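*Asks:* Prediction below, plus the sequence it came from.
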Amino acid sequence: MTPCHHSGQIPSPALSPESNGRDLEKEFRLVKPPAEAVFIQCDVTKEEDVEALISETLRLFGRLDCVVNNAGRHPPEEALEDTSSQAFRELLELNLLAVYTVIKFALPSLRQSRGSIINISSLVGAIGQRKAASYVATKGAVTALSKALALDESQYGVRVNCISPGNIWTPLWEELAALTPDPSATVREGKQSQPLGRMGRPDEVGAAAVFLAFQASFCTGVELPLTGGAELGYGRKVPPT
């Protein structure tokens, strides 16, 4: 069950979340062999929505084996002194507290099934990012939460891991690039940040989640970088003068 999607199939900003969700539900059912998929609209910042999501999932499928906490947002570049405490609170609500809320309501069922939790963090939670202090703080916290929960939940057979993507080409990345003075140069720099010479794809994040959920049965507390090697080697750290 994926409560919301951030990586993977990304909604077009022009369409409503419900329209995108219904379209994705139909796509899954058209694959060969058909995949059983159900779209349930949920605002993960609202406890009552999350509780209803878990309840409806259990009603439809009878059990819960895996939760992927994948909802999140990256604000445009902004120096800390130009941010507001209210904007930071809202980001914390979505990027961190929503993860806590989904896990809280899912845990009783995951303990019964000895299932797993996969949290989508970010490479920058470990290495930092310019003009993104609030975002980096939320993602660093997601990684720390994953490791702490891995210890707590091991006694119940529940595995907790996280994926830390680097540059993944999504509509959100494209949207943020469009806000910069030279979007094409921003995209080019994004591609060149990886030794592999490209950005990652949403389906590659999905494949990593499937691996952690179903093949990595001896992995818990793992932070899996999905970065194309962006964090490796010496690189320019000071902007050109």
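*Replies:* Received it, and whenever you're ready, just let me know what you need.
*Asks:* In the protein, where's the longest helix?
*Replies:* Longest helix of the chain, by residue count under DSSP state H: helix 133-153.
*Asks:* name the helices or strands packed onto that one?
*Replies:* helix 85-92, helix 98-113, strand 116-120, helix 124-127, strand 159-165, strand 223-226 (3 or more CB pairs under 8 Å, 6 or more residues apart in numbering; DSSP states H and E). C-betas here are computed from N, CA, C, even on glycine.
*Asks:* where's residue 224 relative to residue 122, distance?
*Replies:* Using CB to CB, to the nearest Å, one obtains 12 Å as the distance from residue 224 to residue 122.
*Asks:* the more surrounded of these two?
*Replies:* residue 122 (28 against 19; other CB atoms under 10 Å).
*Asks:* In this structure the more buried one contacts residue 163, no?
*Replies:* No - contact criterion CB atoms under 8 Å: residue 122 and residue 163 do not qualify, at 9.1 Å.
*Asks:* Residue 107 touches residue 152, doesn't it?
*Replies:* No - Residue 107 is beyond contact range of residue 152, at 9.7 Å (criterion: CB under 8 Å).
*Asks:* Those two: who's more crowded?
*Replies:* Shown here are residue 107 and residue 152; by other CB under 10 Å, residue 107 has more neighbours (20 against 11).
*Asks:* ok now do the more buried one, which residues does it touch?
*Replies:* Residues near residue 107 by CB atoms under 8 Å, 6 or more residues apart in numbering: 153, 158.
*Asks:* Please repeat the previous calculation with a cut-off of 7 Å.
*Replies:* Contact analysis of residue 107 by CB atoms under 7 Å, 6 or more residues apart in numbering lists nothing.
*Asks:* In PDB, could you pull the C-alpha coordinates for stretch 31-49?
*Replies:* Taking Å, rounded to 0.1, in the frame of the first residue of the first chain, the C-alpha atoms of stretch 31-49 are listed here in PDB:
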ATOM      1  CA  VAL A  31      -0.900  -4.100 -17.400                       C
ATOM      2  CA  LYS A  32      -0.400  -7.800 -18.300                       C
ATOM      3  CA  PRO A  33      -1.100  -9.600 -16.000                       C
ATOM      4  CA  PRO A  34      -3.500  -7.100 -14.400                       C
ATOM      5  CA  ALA A  35      -2.400  -5.600 -11.100                       C
ATOM      6  CA  GLU A  36      -4.900  -5.200  -8.300                       C
ATOM      7  CA  ALA A  37      -4.900  -1.500  -7.400                       C
ATOM      8  CA  VAL A  38      -7.300   0.700  -5.600                       C
ATOM      9  CA  PHE A  39      -7.100   4.500  -5.400                       C
ATOM     10  CA  ILE A  40      -8.100   6.000  -2.000                       C
ATOM     11  CA  GLN A  41      -7.700   9.800  -1.700                       C
ATOM     12  CA  CYS A  42      -5.900  10.800   1.500                       C
ATOM     13  CA  ASP A  43      -4.400  13.900   3.000                       C
ATOM     14  CA  VAL A  44      -1.500  12.500   5.000                       C
ATOM     15  CA  THR A  45      -1.300  15.600   7.200                       C
ATOM     16  CA  LYS A  46      -4.800  14.800   8.600                       C
ATOM     17  CA  GLU A  47      -5.000  12.000  11.100                       C
ATOM     18  CA  GLU A  48      -8.600  11.100  10.300                       C
ATOM     19  CA  ASP A  49      -7.700  10.700   6.600                       C
END
